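Student: Need the 3D shape of this:
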Amino acid sequence: MTYQHKAAARFNVTEWSEHLVVDIDGEGTEAGDAYYPNRGITRAEVRYTYTGEIEGTSTLTYLIAYKADAAPILSFERFEGSIAGHEGTCVFQHTGSQDKTSISAHLQVVPGMGTRGLEALRGEADVSIAGHSDNGYELTLKYSLG
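Tutor: The predicted structure follows:
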């Protein structure tokens, strides 16, 4: 699909709480209060803040698979704020994969879940993250309103 506009932003993780759902082999690693299975599934409750042409906050629920190589991730993210000056809320669906050092994901606006100025929003973005950054992560949303 062709989109009429682009909005560039940075997002930061402001909260992350991850919990075990399934541990396939009973083997994994503990870090702080979290347990990461060598093979299994976790659920993470996450909060982001956005700055730039996308301003606001969001709440996400990730389902994360763990295995030796690239493993799938799925998420729904509810965003509240503004995109290029259009105020409202919307929902992004994330699909992607992760390994021990990187994440790549495709975000798609879920049609019919926007409000106010983002009610007719359609769009998508690709995100690639390699390692941790204290300065946040870049995201460019290609979108149309209507």
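Student: Phi and psi next, for the most centrally placed residue in the chain.
Tutor: Nearest residue to the geometric centre of the chain (Cα atoms, centre = their mean): H94, 5.7 Å. With angles defined as degrees, to the nearest 10, H94 sits at phi -100, psi 130.
Student: I'd like the next helix or strand past the lengthiest strand in the chain.
Tutor: Looking across the chain with DSSP state E, the single longest strand is strand 5-23. Counting by DSSP states H and E, the next helix or strand C-terminal to strand 5-23 is strand 28-31.
Student: got the CA coordinates for that following strand in PDB?
Tutor: Written as PDB, here are the backbone C-alpha positions of strand 28-31 (Å, rounded to 0.1, in the frame of the first residue of the first chain):
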ATOM      1  CA  GLY A  28      17.100 -20.700  31.500                       C
ATOM      2  CA  THR A  29      18.700 -17.600  33.000                       C
ATOM      3  CA  GLU A  30      17.700 -15.400  35.800                       C
ATOM      4  CA  ALA A  31      18.300 -11.700  35.600                       C
END
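Student: May I have the beta-bridge partners of S102?
Tutor: Going by DSSP bridges, S102 is paired in beta bridges with A130.
Student: residues touching it, list them.
Tutor: 128-131 (Cβ atoms under 8 Å, 6 or more residues apart in numbering). For glycine as for every other residue, the C-beta is placed from the backbone atoms N, C-alpha and C.
Student: re the thing from before, who's in contact with the residue nearest to the centre of the chain?
Tutor: By Cβ under 8 Å, 6+ apart, the neighbours of H94 are 60, 62, 73-77, 105-107.
Student: at 6 Å instead, please
Tutor: 75, 105, 107 (Cβ atoms under 6 Å, 6 or more residues apart in numbering).
Student: hang on, isn't the first one packed against I64?
Tutor: No: the pair S75 / I64 is not scored as a contact, 8.6 Å apart, by Cβ atoms under 6 Å.
Student: quick one on the thing from earlier: from the rest of the structure, what touches the longest strand of the chain?
Tutor: For strand 5-23, contacts defined as Cβ under 6 Å, 6+ apart pick out 34-35, 37, 40-54, 83-84, 136-143.
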